[in-house]
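Q: structure of the sequence below:
(2 chains)
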Amino acid sequence: MKNRLITVLALILIASLFVACSPSVEEPVDEGPAVEEPAEDETFTFGTVVKSIAFNWFLRLEKGVLEYGEASGNTAFMEGPSQADSAAQVQIIESLIAQGVDGICNVPYGVPENEPAQKKAMDAGIWVVTHEASTASGDSLHFDVEPFNNCAYGEEIMKEMASRMGEEGQYVQFVGSLTNATHNEWTDCAKAYQEENYPNMEFIGKFESKEDQEVGYNIFKDLLDTYPNIKGMQGSAAGDVVAAGRAIEEAGLNDQIAVVGTSIKSYAGELLETGAVDLAMGWDPAQSGYVCNVVLELLAKGEEITPGMDLGVPGYENIIIEEGVNGAQVIYGNAWIKFDATNMDDYDF
Amino acid sequence: MKKLLKTNEFLVLLIIAALSLVVGLINPNFFTVASLFDLVRSSNVYIILAFALLPVVILGGVDISFIAIAAVASYSTHMFLIARGYEGGLFVYFVMGCTIGALAGLLNGLIITTFKLKVFDVSLATQTMWYGFTLFFIGATSNFDMPEGVVGYYSSFIATVTDEVTGVTGLHVSTIYVVVIGVFLWWFLKYTMIGRGIYAIGGNPEVAERTGFNIKKITLIVFVMMGLLSGFAGIVQSGLSRNFNPTLFIGQNLSVLASVIIGGAAIKGGRGTVIGTVLGVVLTQIIRRALVLTEIPAEWQNFVIGLILIIFTAIPAIREKRLEKVGRTTDLIEATVEE
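A: The predicted structure follows:
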């Protein structure tokens, strides 16, 4: 019986290895010949690498990369493993190094796992800019680009919610998990901003949706029972405002409670239309892909990137540069987007 | 009557009553019809999942893959139908989802009976496999496109109450499924030869085999039922949430198992009832909701839930210890009296 168990486990292991490896088979396709012969203007080749091409999120990011390519005349393309996997991602970076691209924009799946490959690229004279990697070590990249500072974003959510509440009444906050650093930064900064600026608003509590809409829905129903005068709700995980919105809509309270938080159209669209969710906020991955390549171009042209600079991309007109926890130079914009029923079709992702 | 008072079900019922009283005293809103409807709604899907798991536990096994089966059955059904422009109601979803679920359950059963493996070991593998299968072959993101016929399912109520402040609350139609499935399962476990066989095998497989029960056949039936009910629960939940999710229920298998155990099913097999299971789920749901209703901060919730679970799971064990002291005869009578 033991032997059989071991055989079965071994078979499963082999099968899983097979599945894990198969995506990389399709990967080493040489993407577009690098334009080497110098035209009258020098053109560059930038490769963008993402966690996985299987997510709508990164297909949207690719849109920005391709738009950049068209607008600038440089060669810009995106690659990524078909399954989010650092090892496969590193392989792609190595093949880009071998191709001799001028710059790599990397969106690492595992930040530390990607650092050695990024260093290798830098040693080969390639410019490296990352996204979603502000915790990376300073010597593994030239710059990291982020759409906004988390604290400023949290305050912006609070401003939107407060204005819809008439700056008074009780409100609750939801986070995907109490251990999610980003979500807690948004909510804590929002709360601090409220205490300073809206004395007539009252904080009830921070609740954990466990990234699960059904959990969020049930908590919000109980909150309605316990605090019948709730006026505002701030969501963090993309499903949080959906969960609260469902409870509010089913109870017929659309106009009485302001629901504002991070989400995307495919999640919140239906409820934005009915008004159960008042405003969704977030960032557009296409813009991130675009600006990442803009930074690469500036670096490749030998220009210096300084605080307050205008990168020529909406939301990045007055950039902030800060040092990340592990020494990375992080460029922050104010590139949050806000959408409700009137403009959500512009952000179809 | 005396026997009734001694049953595990009665004990759980007492705890539910005591807990409700405490919550209700702190927050009188708990005693409203609306609050009852909310409680029923949040319990329904988990009761169906617990029904799926109950026969497996009685059989003496612990399965953790039923949530993954629920996910693969509901998500692949949805993606298949939506790609073909289906605009009808949930009936077709139920037929297809239950079929996929039953087949996935059958696979568990076949591996277990053919290789004589432990239920837990096999389900550990199939859980990982089905979630992985869904993510890799079918899709990785929640899908919010609902066919015409499914829109509005989340608010199809049997009855509703309206409150000026908290708005409309309804008793969801899924309550009917719970009653129908519950009555069927009760009858199946108590009055059919296969049902009795499940208890017999859970009590002592060797004796059961010598008595003439076909262990392989009964095991397969139990797992087909588990898969079927899981698929059903997956579709109900997705309909309620207005989206189909490839990682539906992920991480919730142990809380379902805890409900079944609190309801009086023996983790070693041979014991467990439908009523007890329902009460077990209701109790865990009340504990969960009590934390918001009594204004206990969210940071405390998991700690408190864990603490309460320890206390409540210990109670049946303490009772069992006492039974052992009383002696064999009582134990035997107890075992035959309990269905």
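
Q: which element is the closest residue to chain A within the stretch 201-339 of chain B on?
A: Residue of the stretch 201-339 of chain B nearest chain A, by C-beta to the nearest C-beta: residue B:292 (3.9 Å). (Glycine included, C-beta is placed from N, CA and C.) Residue B:292 is located in helix B:274-293, with elements delineated by DSSP states H and E.

Q: now the strands for the stretch 101-250 of chain A?
A: Shown for the stretch 101-250 of chain A, the strands assigned by DSSP state E, counting those that start in this stretch span residues A:103-106, A:127-131, A:143-146, A:169-175, A:201-208, A:230-235.

Q: the stretch 101-250 of chain B too?
A: Using DSSP E, counting those that start in this stretch, strands in the stretch 101-250 of chain B cover B:157-163, B:167-172.

Q: coming back round to it: so which of the strands of the stretch 101-250 of chain A comes closest to residue A:330?
A: Residue A:330 lies closest, by C-beta to C-beta, to one member of those: strand A:143-146, at 4.7 Å.

Q: which elements pack onto the closest one?
A: If you count contacts as 3 or more C-beta pairs under 8 Å, 6 or more residues apart in numbering or on different chains; DSSP states H and E, strand A:143-146 packs onto strand A:127-131, helix A:285-300, strand A:329-332.

Q: sorry, back to before: how about the contacts made by the residue of the stretch 201-339 of chain B closest to chain A?
A: By C-beta atoms under 8 Å, 6 or more residues apart in numbering or on different chains, residue B:292 lies in contact with A:207, A:219, A:222-223, A:226.

Q: worst-scoring helix or strand of the chain, pLDDT-wise?
A: Went with chain A since none was named. Here the helix or strand of chain A ranked lowest by mean pLDDT, DSSP states H and E is helix A:2-25, holding a mean of 50.

Q: pairing partners for the helix or strand just after that one, with directions?
A: Proceeding N to C from helix A:2-25, the next assigned helix or strand is strand A:45-49, under DSSP H and E. Paired with strand A:45-49 in the same sheet, following DSSP bridges, are strand A:75-79 (parallel), strand A:103-106 (parallel).

Q: and the shortest one, which residues are buried?
A: Going by neighbour count (16 or more other C-beta atoms under 10 Å in any protein chain shown), the buried part of strand A:103-106 is A:103-106.

Q: mind pulling up the pLDDT for residue 198?
A: Unless you meant another one, I'm taking chain A. Residue A:198 is assigned 97 on the pLDDT scale.

Q: if you could check chain B rather than the one you did, that'd help
A: We have a pLDDT of 96 for residue B:198.

Q: burial count for it?
A: Neighbour count of residue B:198, defined by other C-beta atoms under 10 Å in any protein chain shown: 29.

Q: contact partners for it?
A: B:55, B:58-59, B:189, B:218, B:222.

Q: how about these in JSON lines, adding distance to chain A, neighbour count and pLDDT?
A: As requested, the contacts of residue B:198 are exported to JSON lines (distance: C-beta to the nearest C-beta, whole Å; neighbours: other C-beta atoms under 10 Å in any protein chain shown; pLDDT from 0 to 100):
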{"residue": "B:55", "distance to chain A": "24", "neighbour count": "27", "pLDDT": "97"}
{"residue": "B:58", "distance to chain A": "23", "neighbour count": "25", "pLDDT": "96"}
{"residue": "B:59", "distance to chain A": "19", "neighbour count": "26", "pLDDT": "96"}
{"residue": "B:189", "distance to chain A": "28", "neighbour count": "20", "pLDDT": "96"}
{"residue": "B:218", "distance to chain A": "21", "neighbour count": "23", "pLDDT": "97"}
{"residue": "B:222", "distance to chain A": "21", "neighbour count": "30", "pLDDT": "97"}
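
Q: quick one: low-confidence ranges for the stretch 101-250 of chain B?
A: Residue ranges of the stretch 101-250 of chain B with pLDDT under 70: none are present.

Q: ok, 90 please
A: B:132, B:135-146, B:151-152, B:154-156, B:159-170, B:241-243, B:245-247, B:250 (pLDDT under 90).

Q: what comes up buried for stretch A:61-73?
A: Going by neighbour count (16+ other C-beta under 10 Å), the buried part of stretch A:61-73 is A:61-69, A:72.

Q: just those residues: which are in helices?
A: Judged by DSSP state H, the buried residues of stretch A:61-73 include A:61-69, A:72 as members of helices.

Q: okay, now residue 216: neighbour count?
A: All of this refers to chain A. Counted with other C-beta under 10 Å, residue A:216 comes out at 29.

Q: look at chain B instead
A: Based on other C-beta under 10 Å, the number of other residues close to residue B:216 is 15.

Q: returning to what we had before: ok, which of the helices and strands packed on strand A:143-146 comes nearest residue A:52?
A: helix A:285-300 (12.9 Å).

Q: distance between the helix holding residue B:292 and the chain's centre?
A: 12 Å (C-alpha atoms, centre = their mean, to the nearest Å).

Q: hey, what's the angle from that helix to strand A:201-208? Just curious.
A: Orientation check (axes from the mean of the first three to the mean of the last three C-alpha atoms, to 10 degrees): helix B:274-293 against strand A:201-208 gives 150 degrees.

Q: would you confirm that residue A:177 contacts residue A:208?
A: Yes: when contacts are counted by C-beta atoms under 8 Å, residue A:177 is listed as touching residue A:208 (5.9 Å).

Q: who has more neighbours, the two?
A: residue A:208 (24 against 14).

Q: mind checking pLDDT for the more buried one?
A: On pLDDT, residue A:208 comes in at 90.

Q: next one: stretch A:199-208 to chain centre, how far?
A: 26 Å.

Q: mind exporting it as CSV, just the C-alpha atoms?
A: These are the backbone C-alpha positions of stretch A:199-208, laid out as CSV (Å, rounded to 0.1, in the frame of the first residue of the first chain):
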residue,chain,number,x,y,z
PRO,A,199,-14.4,66.0,12.7
ASN,A,200,-18.1,65.2,12.1
MET,A,201,-17.4,61.9,10.6
GLU,A,202,-17.2,58.8,12.9
PHE,A,203,-15.0,55.7,12.2
ILE,A,204,-16.8,52.5,13.2
GLY,A,205,-14.2,49.9,12.4
LYS,A,206,-12.1,48.1,9.9
PHE,A,207,-13.4,44.8,8.6
GLU,A,208,-11.8,41.9,6.8
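
Q: near chain B at all, it?
A: Yes: for stretch A:199-208, a contact with chain B is found by C-beta under 8 Å from any C-beta of the partner chain, at A:205-208.

Q: the closest residue to residue A:96 other than its chain neighbours bridge partners, please.
A: Nearest residue to residue A:96 in three dimensions, chain neighbours excluded: residue A:47, at 4.4 Å (C-beta to C-beta, 6 or more residues apart in numbering or on different chains). Judged by DSSP bridges, the bridge partners of residue A:47 are residue A:77, residue A:104.

Q: and the residue of the stretch 201-349 of chain A nearest chain B?
A: residue A:251 (2.8 Å).
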